[in-house]
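Engineer: Coordinates only, no sequence provided:
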């Protein structure tokens, strides 16, 4: 990997998500040699991926070059690589660009889509965990409308205009809201030769309410907002199979759809060597103690979505969201410095800043620790918070301008099929 | 294709480039049925593709949805399709989504890269005629730097940091300038562990001067600017072979390079049925008369890059650039309306508004019909003209903001490998 050996201890960080970047910021100017490894050369602002899929934002606006983040840190190295396995005994990381030994290893690999073992759904459904995946979904949605025009078979046409979103967490809810706005504001103008009233947006939720991680109040309001936008909300319903045409459920309705979006769950993105029953708990997350240390591997830490730090308040670990990742990353970075300096590490305390989700234009639900609110003001707060947490001045500015433009003009101009998903001959 | 038959004559336009869009604007509100076919669902602003390749602009900012352009036109249809052949006798167009008959056919397919029959170069070189191609080049450049870090073989490392641009028209010159700026402003910070002084940018030109279509004055100044930026300009030199590693020339220097960009020529993008010796002339362009009519096919027109309208002033046809395409498109649109209304068509007159090229920060060369100038003011004019001709308010605003940001911060934030070009496993 061409990393020089120095007298500084070497900290290897796997993953440049919210957790990995937070750690990097803490270690950047310390007397350590840090190596950050990611399979992308950019940090992805995942909470806005659904806006990329729906043409509201350009993909590059929510990505930020990792090299630009670490460029001011001496003794900091970035490597673009896939990590293949970890040998904790030899203190070695194996990647597709070679091996790397470490003194301290931080696993910040985040999460990946959980299909709960259903290979058929995995093969035929769309997901939104990375920018390329979100762009694939954007292409597919647009390609389906182009195809809907061409067919005279009404059933087929309706299937092409029928969207099934499985899972009503923030991703599913926000995507459903965005699609509903597109149905109303853009499709009738873009496709005058289609009866776009036939476009259906189904949100299928296994639990008894949408946004189950939020308050009952937020769930109720979110469902109201979705319904007023014309989204069909199906609760207590699970999609059991999807062959690319028919989505069967454990209940009455079955859906004929050309687009099934799976946002029904995530699981820890483990790496061979620190995986399996020995290390992981529910949701394939790695069990860690209050210092983010992995049991039995003193110098290996897990942080963010991949880490499950059980406590009395959080018996299943912290929620798999940006805030715990950012806070854990910052805390762990400081703890590593403490440890290297022979000081005692401090236990992590999560400060719940609340959670939120937006549903279309003007509407959002916000749960703060002390009070909850919904509607227009909540939507304003949602936007402000997301702009604040975006990395980089240019990204903030460009996202802000796109939002103002889209809001004023009822528009989403990035409805572009740059890399076709279905008809790859047209690439 | 599901296009209804009406009493209006049907005009089929193949291609949504500068010419096709100009025609659409003329026909949009006339008593014709118009069908615009393109293989992309967006119009591409080709003059700024080199900025996409070099991370200065987001790809979506220079693309504009065609459906958004035509949405206000009644009797206007857009179809996303590849045209496969034309049967001028039967007045029929064959595409990958079915056949379509026409009353009037307008071929506005533009141009494609001309490798002059050199299959080896075609296979191994990069081009910049479409957004996906430009994104591929962006990925490759960044992947090469990531790879350069990893190798201890100095020769291989230098090859990864050696860029050979073949052809010094506006595309080649502007790309060389942008790469030189990146070498100076971004690479030393992004790659502290690389000796980026070893980065070489070679501009290889077969003719005796760069920008041969412009004035001698512009050529000289452009070459000065390039050299002061550290670009190696090779004149009277042709690249004859490139196997992916070695670029051989008809002269002394041979280049070991991992990135050869071919911008040495374009040719008309003809369609089977209206191609070959019967219809085309030099550069594979279709011969047309002063009404853009194709010889022997009264109701078939060619316009823009694909059309070669020979005249005394332009014995080889108009230059293959945006301006002739825009002007011909506008004129032909009006002529079609005249013809349908039984009026006489008017011959096309090209009004040369001049040409320009930019070379890095602060510098450009501008040839106007009556006077020529270079330097900072020319660069300002270049920016203003490009912003003006970009389609869409949002695109103009976002491009403008990116330019201001890049200028003030000496930066280019879209240095992202979203879809890897080499290591496709990382997709």
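Structural biologist: It's in. Note that the structure is predicted; figures quoted are calculated from it, not measured.

Engineer: ok, for residue A:84, nearest residue in space, not its chain neighbours?
Structural biologist: Ranked by CB to CB, 6 or more residues apart in numbering or on different chains and with sequence neighbours excluded, the top spatial neighbour of residue A:84 is residue A:94, at 4.8 Å. Bear in mind the C-beta positions are built from the backbone N, C-alpha and C, glycine included.

Engineer: which ones are touching that neighbour?
Structural biologist: A:83-87 (CB atoms under 8 Å, 6 or more residues apart in numbering or on different chains).

Engineer: Same check on residue A:268?
Structural biologist: Shown in contact with residue A:268 (CB under 8 Å, 6+ apart): A:109, A:111-112, A:280, A:283-286, A:305-308.

Engineer: possible to save these as a markdown table with secondary structure, pLDDT and distance to chain B?
Structural biologist: Output for the contacts of residue A:268, formatted as a markdown table (DSSP: H, G, I helix; E, B strand; the rest coil; pLDDT from 0 to 100; distance: CB to the nearest CB, whole Å):
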| residue | secondary structure | pLDDT | distance to chain B |
| --- | --- | --- | --- |
| A:109 | coil | 98 | 15 |
| A:111 | strand | 97 | 19 |
| A:112 | strand | 96 | 15 |
| A:280 | strand | 96 | 25 |
| A:283 | helix | 95 | 25 |
| A:284 | helix | 97 | 22 |
| A:285 | strand | 98 | 24 |
| A:286 | strand | 98 | 24 |
| A:305 | helix | 98 | 20 |
| A:306 | helix | 98 | 20 |
| A:307 | strand | 98 | 24 |
| A:308 | strand | 98 | 27 |
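
Engineer: hang on, the earlier thing: surely the residue nearest to residue A:84 is in a strand?
Structural biologist: Yes. Assessed with DSSP: H, G, I helix; E, B strand; the rest coil, residue A:94 lies in a strand.

Engineer: and it, how far is that from chain B?
Structural biologist: According to CB to the nearest CB, to the nearest Å, residue A:94 and chain B sit 15 Å apart.

Engineer: Now the buried members of the contacts of residue A:94.
Structural biologist: A:83, A:86 (16 or more other CB atoms under 10 Å in any protein chain shown).

Engineer: just to revisit the earlier point, could you dump the contacts of residue A:268 into CSV with distance to residue A:364 added?
Structural biologist: What follows is the contacts of residue A:268, written out as CSV (distance: CB to CB, whole Å):
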residue, distance to residue A:364
A:109, 30
A:111, 24
A:112, 27
A:280, 34
A:283, 27
A:284, 31
A:285, 28
A:286, 33
A:305, 23
A:306, 28
A:307, 28
A:308, 29
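
Engineer: thought residue A:381 was touching residue A:366?
Structural biologist: Yes. Using CB atoms under 8 Å, residue A:381 makes contact with residue A:366 at a distance of 5.6 Å.

Engineer: Neighbour count: the two, which is higher?
Structural biologist: residue A:366 (24 against 17; other CB atoms under 10 Å in any protein chain shown).

Engineer: Confirm that the more buried one lies within a strand, as I assumed.
Structural biologist: Yes. Assigned with three-state DSSP, residue A:366 falls within a strand.

Engineer: quick one, what contacts it?
Structural biologist: By CB under 8 Å, 6+ apart, the contact list for residue A:366 reads A:218, A:354-356, A:372-374, A:378, A:381-382.

Engineer: What spatial separation is found between it and chain B?
Structural biologist: The spacing between residue A:366 and chain B, counted by CB to the nearest CB, is 28 Å.

Engineer: Look up the residues forming beta bridges with that residue.
Structural biologist: residue A:356, residue A:373 (DSSP bridges).

Engineer: ok, back up a step: what sits in contact with each of residue A:381 and residue A:366?
Structural biologist: Joint contacts of residue A:381 and residue A:366 (CB under 8 Å, 6+ apart) are residue A:356.

Engineer: Do any residues in the helix or strand where residue A:34 lies lie close to chain B?
Structural biologist: Assigned by DSSP states H and E, residue A:34 falls within strand A:33-38. No. Using CB under 8 Å from any CB of the partner chain, strand A:33-38 never reaches chain B; the gap is at least 10.3 Å.

Engineer: Given that strand, what are its sheet partners and their directions?
Structural biologist: Strand pairing for strand A:33-38, determined by DSSP bridges: strand A:10-14 (parallel), strand A:76-80 (parallel).

Engineer: want to try a markdown table for these, with mean neighbour count, distance to residue A:20 and mean pLDDT as columns?
Structural biologist: Below are those laid out as a markdown table (neighbours: other CB atoms under 10 Å in any protein chain shown; distance: least, CB to CB, whole Å; pLDDT from 0 to 100):
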| stretch | mean neighbour count | distance to residue A:20 | mean pLDDT |
| --- | --- | --- | --- |
| strand A:10-14 | 26 | 5 | 98 |
| strand A:76-80 | 24 | 11 | 96 |
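
Engineer: Now the host helix or strand of residue A:329: buried residues?
Structural biologist: In the assignment (DSSP H and E), residue A:329 maps to helix A:322-340. With burial defined by 16+ other CB under 10 Å, the residues of helix A:322-340 counted as buried are A:322-337, A:339-340.

Engineer: again with stretch A:156-172
Structural biologist: Within stretch A:156-172, the residues that count as buried by 16+ other CB under 10 Å are A:156-172.

Engineer: restrict these to those near chain B?
Structural biologist: Okay, of the buried residues of stretch A:156-172, nothing touches chain B (CB under 8 Å from any CB).

Engineer: Please flag which of those residues sit within strands.
Structural biologist: A:162-166 (DSSP state E).

Engineer: Which two among those residues are spaced furthest apart?
Structural biologist: For those, the farthest-apart pair by CB to CB is A:162 and A:166; their separation is 13.3 Å.

Engineer: which residues of the stretch 201-350 of chain A fall in helices?
Structural biologist: A:216-228, A:322-340 (DSSP state H, counting those that start in this stretch).

Engineer: Mind checking the pLDDT average for the longest one?
Structural biologist: Which is helix A:322-340. Averaged over helix A:322-340, pLDDT sits at 97.

Engineer: For that helix, name the packing helices and strands.
Structural biologist: helix A:18-27, strand A:104-107 (3 or more CB pairs under 8 Å, 6 or more residues apart in numbering or on different chains; DSSP states H and E).

Engineer: between it and strand A:33-38, how many degrees?
Structural biologist: 150 degrees (axes from the mean of the first three to the mean of the last three CA atoms, to 10 degrees).

Engineer: just how off-centre is helix A:322-340 within its chain?
Structural biologist: 21 Å (CA atoms, centre = their mean, to the nearest Å).

Engineer: now do stretch A:166-175
Structural biologist: With CA atoms, centre = their mean, you get 11 Å for stretch A:166-175.

Engineer: again, but for stretch A:86-101
Structural biologist: 27 Å.

Engineer: Just the terminal-to-terminal distance for that stretch.
Structural biologist: 10 Å (CA to CA, to the nearest Å).

Engineer: likewise stretch A:12-31?
Structural biologist: Start-to-end span of stretch A:12-31 (CA to CA) is 14 Å.

Engineer: for stretch A:10-20, same thing?
Structural biologist: Start-to-end, stretch A:10-20 (CA to CA) is 15 Å.

Engineer: That'll do, ta.
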